[in-house]
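>>> Build me a model from this:
(one chain, ligands or ions: 1)
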Amino acid sequence: MKLKIAILPGDGIGKEITDQGVKVLEAIATKFKHDITFSYADVGATAIEKTGSPLPDESLEICKKADAVLFGAIGDPKYDNNPDAKIRPEQGLLKLRKGLGLYANIRPIKVYDDLTYKSPLKEKVIKNTDFVVLRELSGGMYYGENKVSEDGLSASDECIYNAKEIDRVAHLAFSMAKQRKKKLTLIDKANMFETSRLWRRRIMLIAKEYPEVTLNYMFVDNASMQMILNPRQFDVILTENLFGDILSEEASAIAGSIGLSASASIGEKMVLFEPIHGAYVKAKGKNIANPLATILSVAMLLEHFELFEEADALKTAVNKSIELQITTPDLNTSQKFSTSDVGTFISEFILDKKNVFTHI
Ligand code: IPM
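This next block holds a predicted model:
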């Protein structure tokens, strides 16, 4: 298969982790005889420093010309600590999501048997946890009007949803549940908000088309507790943009490290894959960030293009690195493997290199 991938490393550790994503994709291309090419573009604080814009037009064009985007991370404390900054790195990601029409973000949460001890929760609570958070990505408070009064003493952020935005992601959620354990949980705050009640009305209608899927509802406050008390109860979670951002990050802690959580953002035409963690600017250049979330995002990319054998080879290599503890310090404090060691191990394992350890 011929694939053009746009690589957007972004900020902080973005370059280090996307380099490992490219390395494993090159190994997959070699082993399975695919023609995979890469084009690079700036986004986030890196782009602001070079061009003044968090997503220059040229970067968006490079993404649109590609078959898929692999995104690193975005953000810089320099901007976080300045509430008056008008231009922010995160705007680059929002512009990108809008520009590529990405409307759903899929975040799988899976507990690895070899890593249950890393979770802050008890093994008996989390063992065999395997669910997906499906986050609506194009609406809600992220894209409503943000206002601050002239005296600077009051502010508002608007949350808007329409039926079309809800319906398209709901269909995706039901189809995913149909292929999994056939359970869908809509998480909202329908006891408080009109947007949540609109979500419920639309979902109730759409549910009639998927009789094989069991639908239930949960308020977001209860859901954030249920995720800790009994994460195994979930199969597919569907929720709006802001709740999805918060809940998926909470969910990633169950698995033991946010460095393991991959994601896929789906649009009508475009797809983007990215680890769910942030830019971890303190670790920039230290070669210590966990590349597994990026590498697992690459596995989702391969699955998206129906390269299932390739995705399985990649996931087998990831499982091996976890089993052998060829992992970065967030997962492994006894041995010191770097970001690039982990990427190299996984690519060489894919390529069946016998002396996969010798360079480490
Ligand atoms: C995420 C991030 C982004 C979000 C930020 C960087 C804009 O937290 O992808 O989850 O809030 O969507």
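
>>> quick one, what contacts the residue in the stretch 51-200 of the chain positioned nearest to the ligand?
Residue nearest to the ligand within the stretch 51-200 of the chain (Cβ to the nearest ligand atom): Glu90, separated by 3.8 Å. C-beta: built from backbone N, CA, C; applies to glycine. Counting by Cβ atoms under 8 Å, 6 or more residues apart in numbering, Glu90 touches Gly44, Pro54, Ile74, Gly75.

>>> Can you get me a residue count around Glu309?
Using other Cβ atoms under 10 Å, Glu309 has 12 other residues around it.

>>> hang on, it packs against His34?
No: counting by Cβ atoms under 8 Å, Glu309 stays clear of His34, with 11.3 Å between them.

>>> Just the closest residue of the stretch 151-300 of the chain to the ligand, please.
Of all residues in the stretch 151-300 of the chain, the one sitting closest to the ligand is Asp245 (4.4 Å; Cβ to the nearest ligand atom).

>>> Alpha carbons of the strand or helix carrying that residue, as CSV, please.
Per DSSP states H and E, Asp245 falls inside helix 241-254. Output in CSV follows, covering the C-alpha atoms of helix 241-254 (Å, rounded to 0.1, in the frame of the first residue of the first chain):
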residue,chain,number,x,y,z
ASN,A,241,-16.0,17.3,24.0
LEU,A,242,-15.1,18.7,27.4
PHE,A,243,-16.3,15.7,29.5
GLY,A,244,-14.4,13.5,27.1
ASP,A,245,-11.2,15.4,27.5
ILE,A,246,-11.4,15.1,31.3
LEU,A,247,-12.7,11.5,31.5
SER,A,248,-10.3,10.1,29.0
GLU,A,249,-7.3,11.5,30.9
GLU,A,250,-8.7,10.0,34.2
ALA,A,251,-9.2,6.7,32.4
SER,A,252,-5.7,6.6,31.2
ALA,A,253,-4.4,6.6,34.8
ILE,A,254,-6.2,3.3,35.3
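
>>> So which bits of the stretch 251-360 of the chain are right by the ligand?
Counting by Cβ under 6 Å from any ligand atom, the stretch 251-360 of the chain comes close to the ligand at Ile276.

>>> please redo it, this time with the cut-off set to 8 Å
Within reach of the ligand by Cβ under 8 Å from any ligand atom, the stretch 251-360 of the chain has these residues: Ser263, Glu274, Ile276, Gly278.

>>> Save those as CSV, and put in pLDDT too.
Formatted as CSV, those follow (pLDDT from 0 to 100):
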residue, pLDDT
Ser263, 97
Glu274, 97
Ile276, 93
Gly278, 94
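
>>> does Val125 count as helix, strand or coil?
Under DSSP: H, G, I helix; E, B strand; the rest coil, Val125 falls in the helix class.

>>> Please name the bridge partners of the nearest residue to the residue of the stretch 151-300 of the chain closest to the ligand once chain neighbours are set aside.
Using Cβ to Cβ, 6 or more residues apart in numbering and skipping residues adjacent in sequence, the residue nearest Asp245 is Arg135, 6.7 Å away. Beta-bridge partners recorded for Arg135 (DSSP bridges): Asn105, Thr239.

>>> thinking again about what came up before, now do the helix holding Asp245: which elements does it pack against?
Applying 3 or more Cβ pairs under 8 Å, 6 or more residues apart in numbering; DSSP states H and E, one finds that helix 241-254 contacts strand 102-110, strand 130-136, strand 183-188, helix 220-229.

>>> by how many degrees do whatever helix or strand comes next after it and strand 130-136 diverge?
Scanning forward in sequence from helix 241-254 by DSSP H and E, the next helix or strand is strand 262-267. Using axes from the mean of the first three to the mean of the last three Cα atoms, to 10 degrees, the inter-axis angle of strand 262-267 relative to strand 130-136 is 40 degrees.

>>> What separation do you get for the residue positioned nearest the centre of the chain and Lys127?
Nearest to the mean C-alpha position of the chain, by Cα atoms, centre = their mean, lies Ser263 at 2.7 Å. Using Cβ to Cβ, to the nearest Å, Ser263 is found at 23 Å from Lys127.

>>> hmm, back to that, report the buried residues of the helix holding Asp245.
Asn241, Leu242, Phe243, Gly244, Asp245, Leu247, Ser248, Glu249, Ala251, Ser252, Ala253, Ile254 (16 or more other Cβ atoms under 10 Å).
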